[in-house]
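Enquirer: What follows is a predicted protein model with its sequence.
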Amino acid sequence: MSSTPRLLWVALVAAVVLAVTVGLGVGAVPLSPSDVWSALFGIGDRSAVSIVRDLRMPRVALGLVVGAGLAASGTALQSTLRNPLAEPYLLGVSGGAAVGAVLAVTLGLTGPGFVPLAAFAGAGSAVVLVLLVARAAGGRADPRLLLMSGVVVGAFCTAAIMVALARAPEGTVRGALWWMMGSLGDAQWSGVRWIALYVALGVVLLAVWGRDLDVLALGEEAAASLGLDVERVTRRIYLTASLLAAATVAGAGLIGFVGLVVPAIARALGCRGARATVLASALAGGALVVAADLVARTLVLPAELPLGAVTALVGVPFFLWRLRGGAAR
Amino acid sequence: MIRFEDVVLGYGTGEPAVRGVSFEAAASRITAVVGPNGSGKSTLVRALLGRIAPTRGRVTLDGAAVAGGDRRAIAARMAVVPQREEPAFPMDVRDFIALGRYPHGGAFSGHSAEDHAAIAKAIDRASVREFLGRRTDELSGGEWQRVRIARALAQGGRALVLDEPTTFLDIAHEMAVFELVDGLAREGHAILLVSHQLNLVARFADHIVLLHHGSIAAAGTPAEVMRGDVLERVYEWPLVVSRDPAVGAPVLVPLRGRGTR
């Protein structure tokens, strides 16, 4: 059914390989691409192997995972809400996840895999809150109301993070800036593994439900006419997409607009059908976040920009352009 | 066969939108539901989609209740073309028509030989082969309606519900849709057609149900329902019904200058 051009898949994999190669090569000790790949396979200079595998790879891997999760989540939310402007950050899902994660951390609940779960609980609460606000404002059917209440709930979440972190002892937890503007700087294999697990599970589920997403994107009545249980499927996909976004927040804080920009690019490049778009977005999202992180840590040396600032600088103009109806929707 | 038995449908606590309606849409016939805006036509369609359950009476498909039934099994036997539909993202026309096989497939299963045969048959029957290379946002209104009917045919059922299929269409496209629907009825489909086009309905339908404030004001053959006194009362506008000299069908003509609004 999917008529996505094969060349696109080749290009996406190439983009991921390129982003990984450059991401692993650039740093205080620059490494050539051949050095990077030798080191990845454990060949060559000891210190290069250690730099690539122990120091840089966790960060690049986290970037791939976070980007994949955000982009796949955005794709699913856009089909479910029938709105090309939907994405976890703008819908307040990421903000809720951050509140959950921050609360878990400040309460000392930091067992393995627990922070993502707390983030999921926060994201779920934010979803419910956003739907309630939208309904109170005149019906959840209006996508603009949903976005507006998402932004409002997101702002509330930011405030809640500030309050929660104000009482936390200095230096024991990541700062508010880390949570609200996102960073891959704290990447460690122990944490990355858990987040990769959650993200992989979520991306696979959304891809499996690709045909449901296609039918859902036709609209409520058409979906019902094809035998789709609209409420149940919407709930299931919304929750899964939220879980995905929550896992990325637990690993890297709030990173906006990846879920907005990447699916649009995937579609513009010829992706047809939700299953292909989910998978292509996961690849492209991974490459994009690794590239954005590269910009974040090299643009104003020796300082490091927050990753969320870089994605927002790209994403906001794109959002405004889409809002004006740019690009065939 | 689609059957409404003394059906009452309502939203919330207000007055029911449909109050005690009984009729059936049988095989090989076009059954048309007509009536003014707000007379309950769309609510009947929502009941067929399982979006609203009767508070009294039953809506059945081949004898089994639609409310609470297995939606996929129902979709495999009855296709509904809703009034409004705009895909959130443009799709290739062929992929769009292939979604008609959704009720028959699992999450992983690709399309079976049976699926491909049904899709090809639907494409030919609705004469949409020439649109296959295009995307859904590149179709004109008339082409879009035919493509949507093709998707409904791909579902493979013998019952077809069309909600206002010719709104915004010009004469040629409107006639093409009506002729297509007529052909499908002659081939044995049970057609339930909701339409505002009284004059065309009078020429094509075998049976007309005229709704007024959620009740049936008149039902029967076009000749029985297309009566000036009945229609004038229901539509609250002065009109005459004459006979078309060319085709012999009843024709409704709204009058000017004597309206009350």
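Expert: Cool, got the structure.

Enquirer: so where's the stretch 201-329 of chain A uncertain?
Expert: Where the stretch 201-329 of chain A drops to pLDDT under 70, the residues are A:325-329.

Enquirer: mind listing what the residue of it found nearest chain B touches?
Expert: Residue of the stretch 201-329 of chain A nearest chain B, by C-beta to the nearest C-beta: A:Gly227 (3.1 Å). Every residue, glycine included, has its C-beta placed from N, CA and C. A:Gly227 makes contacts with B:Arg71, B:Arg72, B:Ala73, B:Ile74, B:Ala75, B:Ala76, B:Tyr102, B:Pro103, as judged by C-beta atoms under 8 Å, 6 or more residues apart in numbering or on different chains.

Enquirer: Go again with 10 Å.
Expert: A:Gly227 makes contact with A:215, B:49-50, B:70-79, B:102-104, B:155, according to C-beta atoms under 10 Å, 6 or more residues apart in numbering or on different chains.

Enquirer: where do the helices sit along the stretch 151-300 of chain A?
Expert: A:176-181, A:189-208, A:210-216, A:220-225, A:230-252, A:258-268, A:274-298 (DSSP state H, counting those that start in this stretch).

Enquirer: Sort out which residues of the last one are buried, please.
Expert: When neighbours are counted by 16 or more other C-beta atoms under 10 Å in any protein chain shown, the buried residues of helix A:274-298 are found to be A:274-297.

Enquirer: hang on, the earlier thing: now distance to chain B too, for the helices of the stretch 151-300 of chain A, in JSON lines please.
Expert: Below are the helices of the stretch 151-300 of chain A laid out as JSON lines (distance: least, C-beta to the nearest C-beta, whole Å):
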{"stretch": "helix A:176-181", "distance to chain B": "30"}
{"stretch": "helix A:189-208", "distance to chain B": "5"}
{"stretch": "helix A:210-216", "distance to chain B": "5"}
{"stretch": "helix A:220-225", "distance to chain B": "4"}
{"stretch": "helix A:230-252", "distance to chain B": "8"}
{"stretch": "helix A:258-268", "distance to chain B": "6"}
{"stretch": "helix A:274-298", "distance to chain B": "8"}
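
Enquirer: May I see those organised as CSV, with distance to B:Val34 added?
Expert: Converted to CSV, the helices of the stretch 151-300 of chain A look like this (distance: least, C-beta to C-beta, whole Å):
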stretch, distance to B:Val34
helix A:176-181, 58
helix A:189-208, 43
helix A:210-216, 30
helix A:220-225, 20
helix A:230-252, 28
helix A:258-268, 41
helix A:274-298, 38
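
Enquirer: Can you check which of those gets nearest to A:Ala15?
Expert: helix A:274-298 (4.3 Å; C-beta to C-beta).

Enquirer: Do you have the helices of the stretch 151-261 of chain B handy? List them.
Expert: Using DSSP H, counting those that start in this stretch, the helices of the stretch 151-261 of chain B run over B:171-186, B:198-204, B:222-225, B:228-235.

Enquirer: Quickly note the distance from the most centrally placed residue in chain A to chain B.
Expert: Nearest residue to the geometric centre of chain A (C-alpha atoms, centre = their mean): A:Leu70, 1.9 Å. According to C-beta to the nearest C-beta, to the nearest Å, A:Leu70 stands 19 Å off from chain B.

Enquirer: ok, and the closest non-adjacent residue to that residue?
Expert: What sits nearest to A:Leu70 in space, not counting adjacent residues and going by C-beta to C-beta, 6 or more residues apart in numbering or on different chains, is A:Val258, at 4.1 Å.

Enquirer: Which of the contacts of A:Gly227 are buried, as a ChimeraX select command?
Expert: Entered in ChimeraX, the line below selects the buried ones among those, by 16+ other C-beta under 10 Å:
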select /A:215 /B:49,50,71,74,75,76,77,78,79,102,103,104,155
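
Enquirer: Just the ones in helices from the contacts of A:Gly227, please.
Expert: A:Val215, B:Arg71, B:Arg72, B:Ala73, B:Ile74, B:Ala75, B:Ala76, B:Arg77 (DSSP state H).

Enquirer: List the contacts of the first one.
Expert: Taking C-beta under 10 Å, 6+ apart as the criterion, A:Val215 is in contact with A:79, A:209, A:222-228, A:230, A:233, A:274, B:99, B:102-103.

Enquirer: Which single one of the residues you listed is nearest to B:Pro250?
Expert: Closest approach to B:Pro250 among those (C-beta to C-beta): A:Ser225, at 31.8 Å.

Enquirer: residues in contact with that closest one?
Expert: Taking C-beta under 10 Å, 6+ apart, one finds A:215, A:218-219, B:45, B:48-51, B:71, B:74-75, B:78-82, B:85, B:100, B:102-103, B:148, B:151-152, B:155, B:161, B:163 in contact with A:Ser225.

Enquirer: what about 7 Å?
Expert: By C-beta atoms under 7 Å, 6 or more residues apart in numbering or on different chains, A:Ser225 lies in contact with B:Leu49, B:Ala75, B:Ala79, B:Val80, B:Pro82.

Enquirer: Tally up the residues packed near the last one, please.
Expert: Same thing as B:Pro82. Neighbour count for B:Pro82, taken as other C-beta atoms under 10 Å in any protein chain shown: 22.

Enquirer: wait, doesn't it sit right on A:Ala223?
Expert: No. In this structure, B:Pro82 is not within contact of A:Ala223 by C-beta atoms under 7 Å, at 9.6 Å.

Enquirer: Could you pull out the buried residues of stretch B:17-26?
Expert: B:Ala17, B:Val18, B:Arg19, B:Val21, B:Phe23, B:Glu24, B:Ala25, B:Ala26.

Enquirer: Which members of these occur in strands, if any?
Expert: B:Val18, B:Arg19, B:Val21, B:Phe23, B:Glu24, B:Ala25 (DSSP state E).
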